[in-house]
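**Q** A predicted structure for the sequence below; I have some questions about it.
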Amino acid sequence: MRTIIILLLAIGAACNKDGGGSPAPQQPSVSINSISLSEGNTAVTSFNFTLSLNKSFSEPVTVTYSTLEGTAKAVEDFTALVNQSVTFQPNEIQKSISISVTADDVREGDDIFTVMITGATNASIGQFSGTATIINDDTRVPFTNAGYDAPASYPGYTLTWGDEFNSGALNAAAWTVEAGDGCPGICGWGNNELEYYTGRPENLFFQDGKLIIEARQESFNGKNYTSSKIVSRGKKIFKYGRMDIRAKLPRGKGIWPALWMLPQSNVYGGWPTSGEIDIMELVGHEPNKVYGTLHYGPGPGSTSISRGYTLGGGATFNDEFHVFSLEWKVDQLKIFVDGNLFSTVNKPDIGSATWPFNEDFFFIFNVAVGGNWPGSPDATTSFPQWMIVDYVRVYQ
């Protein structure tokens, strides 16, 4: 009996030796790379990914793949693909797959999309996703001049100062860039804002006779966002008159543009006792509504009178230009949108509080990111965002 068992074992070993029962060769692993390319300006740009096997294989290998949106959107930014396949012939180890990216000449942020390996035959999956970074190589902000335009004159008033922003540079005789994040004095500008203000051409520039403030998502001086703020403090100060500012506003959760005024001298003490005039503020998750607000004392917190103006018919302040106006007289302020009065505040309206609005004030134009009122940006917020200012005019 023992002799028969030994003989059977020997026969089995001989069979294995001549291939009758040899184990299948180990399958390869397939991976995909990531790439970064400029978008280009005409037609489409091909983004070519490489699929790689970690070793050659004696049998065909078929791989399926699909695209996945990121900040780059299908149709608008690239051509989506679903369950496409490519086959490696025996002993091939690389294949190229091409995704068409739509080119344009519009200034925008870098965008990303992903190519996912969704299946493989005769191979395991290693690096299953590749990220495409579409690098912006354009400078033009897309806008037209459509929208409301203010009258060139008003009865009883004379144009005493204005900035049409036609020179292609910030008028240093009228404006100063207020840079930083408010630290160390008032970090976050008193509102827990998230941006760092700069005067860089990335954040403040001119196009087609317009001033553009760009809010960007980027790491800069310890912050995750940048933007710009300009002030006329000590250069152009005003008391009373009609002020018109024509602008097209940004939108998105956590975006906070403002056209406003602060006192040149804190005659009645620090903020808010000496006043603040907000001609226009918008919180980006309400893109169809702006607010006009007066802040006053006695402090330390603000007392305010705030009223809103809402566009109808599904329109937003991001669609086209609107004119935001202040009519300012002794003991009275009126705030308008496109010539429509929506807030009147008279001195008796603030009761026994000090009326600080018969003093000199200066302009501030800025786009904040984050803060106590709008909250932080979220996954729905796209960058960059722009506030585009056509002009500011002061009649007295």
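**A** Happy to help now that I have it.
**Q** let me see the contact set for residue 83.
**A** By C-beta atoms under 8 Å, 6 or more residues apart in numbering, the residues touching residue 83 are 64, 65, 66, 118. Backbone N, C-alpha and C define where each C-beta goes, glycine included.
**Q** show the buried residues in the residues you listed.
**A** The neighbour count (16 or more other C-beta atoms under 10 Å) marks residue 65 as buried among the contacts of residue 83.
**Q** so which of the contacts of residue 83 sit within strands?
**A** Judged by DSSP state E, these include 64, 65, 66, 118 as members of strands.
**Q** who touches the third one in this structure?
**A** In other words, residue 66. Residue 66 sits in contact with 81, 82, 83, 84, 115, 116, 118, where contact means C-beta under 8 Å, 6+ apart.
**Q** domain parsing for this structure?
**A** According to automatic domain parsing, the chain comprises the domains 29-135, 159-395.
**Q** now the longest one: mean pLDDT?
**A** Domain 159-395 shows a mean pLDDT of 97.
**Q** measure it end to end?
**A** With C-alpha to C-alpha, to the nearest Å applied, domain 159-395 spans 4 Å between its terminal residues.
**Q** distance between that domain and the chain's centre?
**A** Centroid separation between domain 159-395 and its chain, computed with C-alpha atoms, centre = their mean, to the nearest Å, is 18 Å.
**Q** residue 146: which of the domains of the chain is closest?
**A** Among those, domain 159-395 comes nearest to residue 146, with 4.4 Å by C-beta to C-beta.
**Q** follow-up on the earlier one: pLDDT added to the contacts of residue 83, as TSV?
**A** Shown next, in TSV, are these (pLDDT from 0 to 100):
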residue	pLDDT
64	98
65	98
66	98
118	97
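**Q** which two among the contacts of residue 83 are spaced furthest apart?
**A** 64 and 66 (7.6 Å).
**Q** can you list residues touching both of these two?
**A** Shared contacts of residue 64 and residue 66, defined by C-beta under 8 Å, 6+ apart, comprise 83, 84, 118.
**Q** quick one on the thing from earlier: okay if I get the contacts of residue 66 as JSON lines plus distance to residue 70 and secondary structure?
**A** Shown next, in JSON lines, are those (distance: C-beta to C-beta, whole Å; DSSP: H, G, I helix; E, B strand; the rest coil):
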{"residue": "81", "distance to residue 70": "15", "secondary structure": "coil"}
{"residue": "82", "distance to residue 70": "16", "secondary structure": "coil"}
{"residue": "83", "distance to residue 70": "19", "secondary structure": "coil"}
{"residue": "84", "distance to residue 70": "18", "secondary structure": "strand"}
{"residue": "115", "distance to residue 70": "11", "secondary structure": "strand"}
{"residue": "116", "distance to residue 70": "12", "secondary structure": "strand"}
{"residue": "118", "distance to residue 70": "17", "secondary structure": "strand"}
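**Q** ok, of these, which one's closest to residue 365?
**A** Closest to residue 365 out of those is residue 115 (42.1 Å), distances taken as C-beta to C-beta.
**Q** now do the contacts for that closest one.
**A** By C-beta under 8 Å, 6+ apart, the neighbours of residue 115 are 32, 49, 65, 66, 67, 68, 81, 97, 99, 129, 130, 132.
**Q** mind running it again at 7 Å?
**A** Shown in contact with residue 115 (C-beta atoms under 7 Å, 6 or more residues apart in numbering): 32, 49, 65, 67, 99, 129, 130, 132.
**Q** what about the helices in the protein?
**A** With DSSP state H as the criterion, the chain has helices at 2-17.
**Q** out of the contacts of residue 66, who's nearest residue 238?
**A** Minimum distance to residue 238 across the contacts of residue 66 is 56.5 Å, recorded for residue 115 (C-beta to C-beta).
**Q** distance check, the closest residue in space to that closest one that isn't next to it in sequence against residue 52.
**A** Spatially, and ignoring its direct neighbours in sequence, residue 115 is nearest to residue 130 (4.8 Å; C-beta to C-beta, 6 or more residues apart in numbering). Using C-beta to C-beta, to the nearest Å, residue 130 is found at 11 Å from residue 52.
**Q** which one of these two is surrounded by more residues?
**A** A direct count of neighbours by other C-beta atoms under 10 Å for residue 130 and residue 52 places residue 130 higher, at 22 against 16.
**Q** now the strands for the stretch 51-200 of the chain?
**A** Using DSSP state E, counting those that start in this stretch, the strands of the stretch 51-200 of the chain run over residues 61-69, 84-88, 94-102, 111-121, 124-125, 129-135, 159-163, 176-177, 195-197.
**Q** could you turn the buried ones of the contacts of residue 115 into a ChimeraX selection?
**A** In ChimeraX syntax, the buried subset of the contacts of residue 115 is picked out as below (16+ other C-beta under 10 Å):
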select :32,49,65,67,99,130,132
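**Q** related to what we said a few turns ago, what sits against the residue nearest to residue 115?
**A** Contact analysis of residue 130 by C-beta under 7 Å, 6+ apart lists 32, 33, 34, 49, 114, 115.
**Q** on that earlier part again, could you dump the contacts of residue 83 into JSON lines with distance to residue 181 added?
**A** Listed next are those as JSON lines, based on distance: C-beta to C-beta, whole Å:
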{"residue": "64", "distance to residue 181": "48"}
{"residue": "65", "distance to residue 181": "43"}
{"residue": "66", "distance to residue 181": "42"}
{"residue": "118", "distance to residue 181": "44"}
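**Q** between the contacts of residue 83, which sits nearest residue 280?
**A** Residue 280 lies nearest to residue 66 out of the contacts of residue 83, by C-beta to C-beta, at 44.6 Å.
**Q** so what's that closest one closest to, chain neighbours aside?
**A** Excluding its sequence neighbours, the residue lying closest to residue 66 (C-beta to C-beta, 6+ apart) is residue 82, at 4.9 Å.
**Q** mind checking pLDDT for that neighbour?
**A** At residue 82, the model reports a pLDDT of 97.
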